[in-house]
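Participant: fold the following.
(one chain, ligands or ions: 1)
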Amino acid sequence: MAQIGMDLNRFILEEERSHPKATGSLSLALTALTSAARIISSHVRMAGLADILGSTKNINIQGEEVQKLDVLSNNILIQHLSDSGQFFALASEELDEPVFPEKGKNGKYTIAFDPLDGSSNINVNVSIGTIFSIHKKVKGNIQDILQEGRKQVAAGYIVYGSSTMLVYSTGNGVNGFTLDPSVGLFLLSHPRMELPERGKIYSINEANYSKWDKKLKSYVDSLKEKNSSARYIGSMVADIHRTLIKGGIFCYPADLKNKNGKLRLLYEVAPMSFLIEQAGGKATTGSKDTLSIKPESIHQRAPVFLGSKSNVEELLTFLKK
Ligand code: P6P
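Facilitator: Numbering: from 1, shown residues only. Modelled structure (predicted):
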């Protein structure tokens, strides 16, 4: 077992050595990602000082106002991921269409990412994050981005909170690394993260209660009769990070207004579902595993309920009544 304090770069290389057929391509891919994360983190930390707070007054494909730090984070990721030469295609929450980097023509992977999720919280200094999902290139076309979540090669997030943490999995469990800003290194702080079998925290935006179907309403009502706690930050990375550590359940359901929920499948639901399953939890749309959805388009949305296995299975008993 890797020791607390191990440098992420050594961790990545040691994981590579445990796969005899590894070519080092995924290691290079992950290293490019972590370099971008360190730079984004430094900008996030000083956003209040530099003129990178606030809105660009532009509206993105999601119909959301684009924050300056969003654009900066997206540009940093595009630059580092393209320059690594490991990615055939990049799909970003901030871009209408995917990018096919010149240097990535022979890249073995594709990546989908949300450069700065929860960015509406930037101005109020609430934790935000970068979410990423890596797949193998198969056909050498757009279909390589539209693969089921269960086929992910790696997935994870960087949460810019009271500390900056990188949490990711390559399919062999989940590990968390904390950035030591004094040396600019991610150091192993949370080895082999595993969800508690059950947690008392439920996380859902109850302002949408009137738009939920009645089975979901009865589930949430039942929680209020038990020893539960409600926690909702409104920044997916922060809500998932807490769920991963403390257990419980996070929900962004479909409702009368959002027929497929609000969260995007490729770069929010699928990577987070992969992590939760790798940490011993469960992730569902309410009717099927989120990781089995075959994406039809880059920015499609999906409902999601994920967290401790016992909590999710309890929810499913209500939805199937
Ligand atoms: P609501 C942030 O805008 C985000 O995309 C996720 O990070 C977060 O979980 C969700 O939307 C919050 O949405 O509708 O509850 O404000």
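
Participant: buried residues in the helix ranked longest in the chain?
Facilitator: Secondary structure assigned by DSSP state H gives helix 25-45 as the longest helix of the chain. For helix 25-45, a neighbour-count test (16 or more other C-beta atoms under 10 Å) marks 25-41, 43-44 as buried. All C-beta atoms are positioned from the backbone trio N, CA, C, and that covers glycine.

Participant: the domain parsing of the protein - what is it?
Facilitator: Split into domains by automatic domain parsing, the chain comes to 8-190, 201-319.

Participant: mind putting the ones you listed into a markdown table with mean pLDDT and distance to Ala2?
Facilitator: As requested, the domains of the chain are arranged in a markdown table below (pLDDT from 0 to 100; distance: least, C-beta to C-beta, whole Å):
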| stretch | mean pLDDT | distance to Ala2 |
| --- | --- | --- |
| domain 8-190 | 91 | 6 |
| domain 201-319 | 97 | 16 |
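
Participant: show me the contacts for Leu166.
Facilitator: Leu8, Thr34, Ala37, Gly156, Tyr157, Ile158, Gly176, Phe177, Leu179, Phe186 (C-beta atoms under 8 Å, 6 or more residues apart in numbering).

Participant: rerun that using 6 Å as the cut-off
Facilitator: Counting by C-beta atoms under 6 Å, 6 or more residues apart in numbering, Leu166 touches Ile158, Phe177, Phe186.

Participant: ok, Met272 next?
Facilitator: Ile240.

Participant: look up how far the ligand lies from it.
Facilitator: As judged by C-beta to the nearest ligand atom, to the nearest Å, Met272 and the ligand stand 10 Å apart.

Participant: hang on, Val159 in a strand?
Facilitator: Yes: according to DSSP: H, G, I helix; E, B strand; the rest coil, Val159 belongs to a strand.

Participant: name the SS class of Phe177, please.
Facilitator: strand.

Participant: if I pick it, what's in contact with it?
Facilitator: Phe177 sits in contact with Leu8, Leu166, Phe186, Leu188, where contact means C-beta under 6 Å, 6+ apart.

Participant: where does the closest residue to it other than its chain neighbours fall, secondary structure wise?
Facilitator: In this structure, Phe177 finds its nearest non-sequential neighbour in Phe186, 3.8 Å apart by C-beta to C-beta, 6 or more residues apart in numbering. Using DSSP states H and E, Phe186 sits in strand 185-190.

Participant: helix, strand, or coil at the spatially most central residue of the chain?
Facilitator: Centroid check for the chain by C-alpha atoms, centre = their mean gives Ile131 as the closest residue, at 3.5 Å. In three-state terms, and counting by three-state DSSP, Ile131 is strand.

Participant: these two touch, right, it and Asp114?
Facilitator: Yes: using C-beta atoms under 6 Å, Ile131 makes contact with Asp114 at a distance of 4.5 Å.

Participant: now do the shared contacts for those two.
Facilitator: Tyr267, Glu268.

Participant: near the ligand, which residues of this structure?
Facilitator: Counting by C-beta under 6 Å from any ligand atom, the residues of the chain close to the ligand are Asp117, Gly118, Ser120, Asn205, Gly234, Ser235, Met236, Asp239, Lys262.

Participant: how much space between Val237 and Ser133?
Facilitator: Applying C-beta to C-beta, to the nearest Å, the value for Val237 to Ser133 is 13 Å.

Participant: more neighbours: which of these two?
Facilitator: More crowded of Val237 and Ser133, by other C-beta atoms under 10 Å: Ser133, with 29 against 26.
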